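Participant: below: sequence and its predicted model.
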Amino acid sequence: MTAIAQAPAFCEGIQYFGEPLPNFETYGNAPAIAEGSIAINSPEDPQAVFQTLLLADALRYLTLQVTGSKASGHPGGFASQAEAYASLVMLGYKNIITEVGHHAPGFYSAMFLDRSLEDMGIHTVQQLRDRFREKHGLLGHLSGYIPGILAPAGPLGQGQHFAMAAALLNKDKLFPFTVGDGGFGEPYVMSSMAHFHTAYPGVTNFLPVLVWNGYSQEHHSMVSTKTNEQMMAYWHGNGFQEVVLVDAKDFDDKNQPGDYVDSTAFSWEQRLAFTKGVLAGIDEAARSALSGKLTVFIIKQLKGAGVHARGAKSHNLYAQHTLSNPEIVSALQTRALNPEAWQLIRHNCERSGGGPAAKMVVTEFQLELSDLGQLPLEEFAIGEEHPKVSTTAMGRLVGKVGNIDRNFLVSNADGNEASGIANINQALKIIHPTTDPLYNQQPEGQVYEPLSEDACAGLAVGLSLMGARTLWCSYESFAINGLPIWQTVTQAMAELRRPTPSTITLFTAGALEQGRNGWTHQRPEIEAYFAAMMRNGNVFPLFPPDANSIQVCYEWALTTKNKGVVITASKSPLPIHTTFDQTRLALQEGATVLHEVEGEKKVVFAVIGDMMLMPVFEAAAYLETEEIGVRIVSIVSPRRLYRPHDTAWNTCSEPDGGFLDDAGFARLFGGDALIGVTGGASGMLEPVMLRSTCPRDTFAWKRGETTASAGELMAFNGLTADLLTKRAIELVH
């Protein structure tokens, strides 16, 4: 072994060095990416091919040593596509995303090699090892907290959304993203790309890189039995014009069994031949994607190529896989490079794309936003004769935002017209290849309507993560299908190193409006999801009680950064209870008083939602005849009602430490009895129930049923004026 003392300083922590590989003196005498250049000159250049293979092996080595240092992590999947990632870097592409959270150690290795991780104090391999899977270090799965990493990755089937969003906002750059053949089994990956391509046929500068290695996490992948021809036909059949597939088996000179083989077992000459094939294939695919053709690159190579195990057994390390484990030691020694090779690799990586990813990728910069100015809010009078539809009032503002900000996008899987926001479609138009004024659709619209909540939420939140304003609209009952990626992005925003517009949603047609549709359309349990997420510190569910309040809530949401703002409102015409100023104060204090009458005893109704105010006001009227005082408090922003220590607000990027103090809480909710009322999940009332010390109870949603009216559905769930009155009297006597 070569002496460690000869190695560059950044190599401190590398345990094994090897002898120079064949012809190193010829092809390793100078970096293939010359000083002042951002990429190799040609994928046909033998020097470029040689050094691409060096980078692939360096990525394998670091991935295995970093995971081995903690006997934890996932080396196998990334290892099987190391030549593809190395090719992208050598060709100058740095805006690389992944759908595969398990590729994290490989991405961290790449960020180390191009010096991006120096921004977080990681200068040596030893520091890379020390901070892997540690707090304030390199998370087990990708996060926007890491310099140079464009997007988070964890749940499968999400990476394409980030790549498509970035491509839409940056049409002059390529956004490759790796997708594993395990994750490829998710139904959303292909369908979301198909809809996006139909909506934006000219935006093809995102490049799926399918890592077809035959295995998923613990077994053979479900696409492992497809032939090359079948796989290519599948992509062609889903609208991809160019399918570039490089199969390691075509280069195998060791007669490895099976359809999936390990290129690191080839002779050196055939390893170079395979690498040249991948490099040329990536170059062809990248040029195709940038020229306006929907393109995919597929690398077919056995999972675990070049690390400690093969197949699904290479997926992750177990407790025995320490750096002294014989399998780990053998693999590291086999992949070991000479010190001069490491220095060569460092030069190529830091020059690629014009510099470290942490200085060059699009998410290291804030997207310039259009100045919205003063939005034209329309304030209705309290007690106005004609009830108003909240969602329609907000929809008018949404149209104004889109007219000013051409990057702004609204997404809705179930139809805006059904949610009382047809005015959004009228103002911004549904994106569709068929122009039809009757349906407000045209190719250049700003309303994205896939019939998949995942695709709907995915593009909206992906664009927000990349720096643009968006609005995701949904029926409350169906939004659950899009929440995984919304949660991923909102959680990522809590730790981003840059400000970005908050993810804003509008959830309509709550359970109480959906009686005749039955329980399939009655799923307010989704509110429990947001109630739990409030403790993150950057999640703000908002419940405007009327058409005035919703306008102010949306106005406020547009000013926020790095938060998840969930606006829930009815599409039914309802009375006006508040002024603009009341909601502006409620957004600071959490709630506002709608009605108060004194009496011998005071019952406080803490109400979440708009339709739920109807039985509460009815109950209040009866209690007043019994000389029982009543205060009706509309909870607009329950997050403000927690105590500061209840949430992780101070750990969030763009922290918001606004909470109602004890004196304010007593002013709003103090009384002789308190009843929390919601047509959704009871968990949303937790902040009030935690702090109240008077006798109290909760009335909340229980289960869906088919009914002819909202009142009948409320009765089924025990949400009636009679029951509220009865319980209030019991609590004060």
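Facilitator: Yep, it's here.
Participant: contacts, neighbours, all on C-alpha from now
Facilitator: Noted.
Participant: in stretch 287-307, what's buried?
Facilitator: 288-290, 293-307 (16 or more other Cα atoms under 10 Å).
Participant: what is the mean pLDDT for it?
Facilitator: Per-region confidence: stretch 287-307 scores 97 on mean pLDDT.
Participant: now do the end-to-end distance for it.
Facilitator: 31 Å (Cα to Cα, to the nearest Å).
Participant: neighbours of residue 319, just the number please.
Facilitator: By the criterion of other Cα atoms under 10 Å, residue 319 has 10 neighbours.
Participant: residue 135 too?
Facilitator: 8.
Participant: can you tell me how far it is from residue 145?
Facilitator: For residue 135 relative to residue 145 (Cα to Cα), the value is 12 Å.
Participant: could you list the domains of this protein?
Facilitator: 4-364, 388-732 (automatic domain parsing).
Participant: spatially central residue in the chain, please.
Facilitator: In the chain, the residue lying closest to the centroid (Cα atoms, centre = their mean) is residue 489, at 3.1 Å.
Participant: quick one: buried residues of the helix or strand containing that residue?
Facilitator: Assigned by DSSP states H and E, residue 489 belongs to helix 483-493. Buried residues in helix 483-493, defined by neighbour count with 16+ other Cα under 10 Å: 483-493.
Participant: pull the CA atoms of stretch 79-92 into PDB?
Facilitator: Below are the C-alpha coordinates for stretch 79-92, written out as PDB (Å, rounded to 0.1, in the frame of the first residue of the first chain):
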ATOM      1  CA  ALA A  79     -22.800   2.000  -6.000                       C
ATOM      2  CA  SER A  80     -24.700   0.400  -8.900                       C
ATOM      3  CA  GLN A  81     -25.000   3.700 -10.700                       C
ATOM      4  CA  ALA A  82     -21.700   5.300  -9.700                       C
ATOM      5  CA  GLU A  83     -20.600   5.500 -13.400                       C
ATOM      6  CA  ALA A  84     -23.700   7.400 -14.300                       C
ATOM      7  CA  TYR A  85     -23.300  10.000 -11.500                       C
ATOM      8  CA  ALA A  86     -19.600  10.300 -12.300                       C
ATOM      9  CA  SER A  87     -20.500  10.900 -15.900                       C
ATOM     10  CA  LEU A  88     -22.900  13.700 -15.100                       C
ATOM     11  CA  VAL A  89     -20.300  15.400 -13.000                       C
ATOM     12  CA  MET A  90     -17.500  15.000 -15.700                       C
ATOM     13  CA  LEU A  91     -19.900  16.400 -18.300                       C
ATOM     14  CA  GLY A  92     -20.400  19.500 -16.100                       C
END
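Participant: where along the stretch 551-700 of the chain do the helices fall?
Facilitator: 580-589, 613-625, 662-669, 686-691 (DSSP state H, counting those that start in this stretch).
Participant: ugh, wrong one, I meant the stretch 1-150 of the chain
Facilitator: 24-27, 46-70, 76-79, 82-90, 104-113, 125-131.
Participant: what about the first one, distance to the chain center?
Facilitator: Using Cα atoms, centre = their mean, to the nearest Å, we find the averaged C-alpha position of helix 24-27 to lie 44 Å away from the chain's own average C-alpha position.
Participant: what's the most buried one of the helices of the stretch 1-150 of the chain?
Facilitator: Highest mean neighbour count of the helices of the stretch 1-150 of the chain: helix 76-79, a mean of 31 (counted as mean count of other Cα atoms under 10 Å).
Participant: show residues contacting it.
Facilitator: Contact with helix 76-79 is made by 59-60, 63, 102-103, 106, 180, 211, 213, 303-307, 309-312, 314-316, as judged by Cα atoms under 8 Å, 6 or more residues apart in numbering.
Participant: just the ones in strands from these, please.
Facilitator: Members of the contacts of helix 76-79 lying in strands (criterion: DSSP state E): 180, 211.
Participant: quick one on the thing from earlier: how far is the helix holding residue 489 from where the chain is centred?
Facilitator: The chain centroid and the centroid of helix 483-493 are separated by 4 Å under Cα atoms, centre = their mean.
Participant: got it, and stretch 230-241?
Facilitator: Computed by Cα atoms, centre = their mean, the chain-centroid distance of stretch 230-241 equals 27 Å.
Participant: return the set of buried residues in that stretch.
Facilitator: By neighbour count with 16+ other Cα under 10 Å, stretch 230-241 contains the buried residues 231-232, 235-236, 239-240.
Participant: could I get those in a markdown table, plus columns for secondary structure and pLDDT?
Facilitator: Listed next are the buried residues of stretch 230-241 as a markdown table, based on DSSP: H, G, I helix; E, B strand; the rest coil; pLDDT from 0 to 100:
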| residue | secondary structure | pLDDT |
| --- | --- | --- |
| 231 | helix | 96 |
| 232 | helix | 97 |
| 235 | helix | 95 |
| 236 | helix | 96 |
| 239 | coil | 94 |
| 240 | coil | 97 |
